[in-house]
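S.K.: next input, structure requested:
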Amino acid sequence: MSVLDDTDNGPLSSLLEQLGLRMEAYRISRQLKQEELAERAGISARTLRRLETDGNGTLDTFARLLRALEIDYRLLDVIPDATASPLDARSGAQPPRQRVRRRTEEPDTPWTWGEGADDT
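M.R.: Modelled structure (predicted):
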């Protein structure tokens, strides 16, 4: 299995390491030295090396690198858009949600029509 194709849901450190390796592979495919990319991104070469080696970095650093590589528009692809489907009739009827309410627990007894419901 290739390092770049790993989709295992392992520990977070493994995921971050994969991210760093992908950043390194993309930089190399664009024929950029670490020092060049770091300068374009406004970070130190040591920070870039740390990110590429073990995924250790901040979201700000990652965003700066994506912008320097001219692929910062892809950052928004990480989290899907939370708006409802245009095929959903409710999508335009309500404003977007801003809070999450806790679900109420199911009652211990099943719902019935009331007394005498069994009388037909």
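
S.K.: so how far is stretch 68-87 off the chain centroid?
M.R.: 9 Å (C-alpha atoms, centre = their mean, to the nearest Å).

S.K.: pull out the buried positions in it.
M.R.: Residues 68, 69 are the ones in stretch 68-87 that count as buried (16 or more other C-beta atoms under 10 Å). C-beta: built from backbone N, CA, C; applies to glycine.

S.K.: got it, and stretch 38-53?
M.R.: 38, 41, 43, 47, 48, 49, 50, 51, 52.

S.K.: quickly name whichever of the residues you listed is closest to residue 71.
M.R.: Lowest distance from residue 71 to the buried residues of stretch 38-53 (C-beta to C-beta) belongs to residue 41, with 12.1 Å.

S.K.: SS state for residue 102?
M.R.: Using DSSP: H, G, I helix; E, B strand; the rest coil, the structure places residue 102 in coil.
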